[in-house]
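# build me a model from this:
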Amino acid sequence: MRFCTCVLNFRLRLLLAWGIALGGASSTLTGEELHPQDGPHVDIRIFIDAEAVVLQLEMNLVFLDYLVDFPREEPARISSVEWPALQPALTEFFEQSHPVRINDQRVLPEVQELQINDPDLALLPLFPISGEQGLRKVRFKLVYPVSSMPTKVEIAWTTFPPDILTDLVNPPPLDLAAELDAEGVRRPLLFTVDEPGLTWTALGESIDARLLDVPVSVVEPGSQVPVLAIGLFVAGGVVVILGIVIGRARGSAIPIVAAAGIEGVLLIVGVAVLFGDVGTVAMGGGLRPPDQTEAEAIFRPLHSNVYRAFDYVEESDIYDALDRSVDGPFLETLYRTIFRGLVMQEEGGAVARVTEVRPIEIEVGDIVMQAGQDGLVRPAFTVACRWQVDGVVSHWGHSHERTNEYFADWDVVDGPDGWQLTGAEIREQDRLEEDGHVEVGDEFEI
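Model prediction:
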């Protein structure tokens, strides 16, 4: 009965808020402007390591009431008398409705660190529909113990409350933003009715395994010249000529016969050296500059790997991954500018995760051979590239997406560690969801 009263009160507030919206009140905020947003929400963070698979959940009481039948005296509060019954209710629900399999084995959760917040009631105007029930949140961890680092984790999520901010009359199921933290990499997720869970497979700790392969420069083999054999053959010919000249001058055949014997020995040795590949010297060849198609095939994975490096959580891992694609002097600048570009100031400094990088136009410029820092002559080229970057940040259980478009000139050089980016000059920069062009200064986001 108390649960029904809770739902009834929620529906009354829903109708009230709907009436205000239809009345055209000037103070009414849209769903995009509400931070935090009204209605049910849950913040989902998933951690996978060698000790446990952990789901860290933070949900308001509106969302909680869609999970479990948890009657209470006041819908917006949980009293100290009611509190002890919450943990077993959550444990039973997740055991039955949200199964987790680790290495193809069903594992049951332990509910840990269950707590409830004391919200700032000054935020109540942001919750015209759910009131204090939407502002008050419970936080807990579902811990699934493991004995070693899992190779496969399957998480089923089956609870999708109505998205009342999208449509008050006929609300669709709420899409749930989440984040996965595993193997040092953090990436955004989205649980939906069509894709209601996660199947994660270990890739290993290697940074190289997470980056796209970059083609290596073509090395022309050059010509193999049998210098020693040629020298022996020439020497034999010279000996024969000298024997003939001396024999004629003396009127004797002995010098000619002796020269022929020496020439025969040199010929036999020369043939043996030739077939034994002794004294062969490579001439010509070496690194060949790429053509237009090959240069583009080199640039694409290099450019993509720059953003893949920012999937890592630790700064040292980001630097290590960037070092595979970026030359040392340029690395610090690139790290600083891209990181600043991923920070969403409007979300309190939250860091957006890159979901996709799309090259729109790639034009390879000059392809040259130039002296490298090691003194060797190496191929290099320039690229003019226009591309788009999709980013997403999870905040209060929902996600914000944005897309930026850039145009820049890039320098690419084949160094001792393979092809790397050595510089960039931004030409254009636009936030696609906003009108107008963004002016570019010396500092830039990439």
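
# what's the end-to-end length of stretch 114-123?
End-to-end distance for stretch 114-123, by C-alpha to C-alpha, to the nearest Å: 23 Å.

# and Arg402, that's in a strand?
Yes. Membership of Arg402 in a strand is supported by DSSP: H, G, I helix; E, B strand; the rest coil.

# can you pull up the bridge partners for it?
Applying DSSP bridges to Arg402 yields these beta-bridge partners: Gly391.

# is it true that it touches Gln388?
No. The criterion here is C-beta atoms under 8 Å, and Arg402 misses it with Gln388 at 10.7 Å. Where C-beta positions appear, they are placed from N, C-alpha and C, glycine not excepted.

# okay, and the common contacts of the two?
Taking C-beta atoms under 8 Å, 6 or more residues apart in numbering as the contact rule, Arg402 and Gln388 both touch Leu432.

# any buried residues in stretch 164-180, and which?
Residues Ile164, Leu165, Leu168, Leu174, Asp175, Leu176, Ala177, Ala178, Glu179, Leu180 are the ones in stretch 164-180 that count as buried (16 or more other C-beta atoms under 10 Å).

# now do the same contact list for the fourth one.
By C-beta under 8 Å, 6+ apart, the contact list for Leu174 reads Gly39, Pro40, His41, Phe160, Pro161, Pro162, Asp163.

# got the phi and psi for the nearest residue to it once chain neighbours are set aside?
Excluding the flanking residues, the one nearest Leu174 by C-beta to C-beta, 6 or more residues apart in numbering is Asp163, at 4.2 Å. Dihedral pair for Asp163: phi -90, psi 90, per degrees, to the nearest 10.

# quick check: Asp163 vs Val218, distance?
54 Å (C-beta to C-beta, to the nearest Å).

# for Pro416, same thing?
In terms of C-beta to C-beta, Pro416 sits 17 Å off from Val218.

# equivalent analysis for Ser97, please.
Applying C-beta to C-beta to Ser97 and Val218 gives a distance of 57 Å.

# how's the chain carved up into domains?
2-201, 223-283, 300-431 (automatic domain parsing).

# any chance of these in a markdown table, with distance to Glu294 and mean pLDDT too?
A markdown table is the format used below for the domains of the chain (distance: least, C-beta to C-beta, whole Å; pLDDT from 0 to 100):
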| stretch | distance to Glu294 | mean pLDDT |
| --- | --- | --- |
| domain 2-201 | 30 | 82 |
| domain 223-283 | 23 | 76 |
| domain 300-431 | 9 | 84 |
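
# which parts of the helix or strand hosting Gly247 are buried?
Assigned by DSSP states H and E, Gly247 belongs to helix 227-250. For helix 227-250, burial by neighbour count (16+ other C-beta under 10 Å) applies to Leu228, Ala229, Leu232, Phe233, Ala235, Gly236, Val239, Val240, Gly243, Gly247.

# for the residue nearest to Gln115 when sequence neighbours are not counted, grab phi and psi.
Nearest non-adjacent residue to Gln115, counting by C-beta to C-beta, 6+ apart: Arg139, 5.4 Å away. Note on Arg139: its backbone torsions stand at phi -130, psi 140 [degrees, to the nearest 10].

# hmm, back to that, show me the contacts for the residue nearest to Leu174.
Gly39, Pro171, Pro172, Pro173, Leu174, Asp175.

# who does Ile102 form a beta bridge with?
Under the criterion used (DSSP bridges), Ile102 bridges to Gln105, Val153.

# what about the residue positioned nearest the centre of the chain, which helix or strand?
For the chain, Arg308 is the residue whose C-alpha lies nearest the centre (C-alpha atoms, centre = their mean; 2.8 Å). Here Arg308 sits within helix 292-308, counting by DSSP H and E.

# same thing with Val53?
Val53 belongs to strand 52-60 when elements are defined using DSSP H and E.

# who does that strand pair up with?
For strand 52-60, pairing defined by DSSP bridges yields strand 42-48 (antiparallel), strand 137-145 (antiparallel).

# any idea how far the shortest one is from the chain center?
The reference is to strand 42-48. Centroid separation between strand 42-48 and its chain, computed with C-alpha atoms, centre = their mean, to the nearest Å, is 19 Å.

# just the CA trace of that strand, in PDB.
Extracted in PDB, the C-alpha atoms of strand 42-48 (Å, rounded to 0.1, in the frame of the first residue of the first chain):
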ATOM      1  CA  VAL A  42      21.300   6.200 -12.100                       C
ATOM      2  CA  ASP A  43      25.000   6.600 -12.400                       C
ATOM      3  CA  ILE A  44      26.700   3.300 -13.400                       C
ATOM      4  CA  ARG A  45      30.400   2.700 -13.100                       C
ATOM      5  CA  ILE A  46      31.900  -0.700 -13.900                       C
ATOM      6  CA  PHE A  47      35.400  -1.700 -12.700                       C
ATOM      7  CA  ILE A  48      37.100  -5.000 -13.700                       C
END
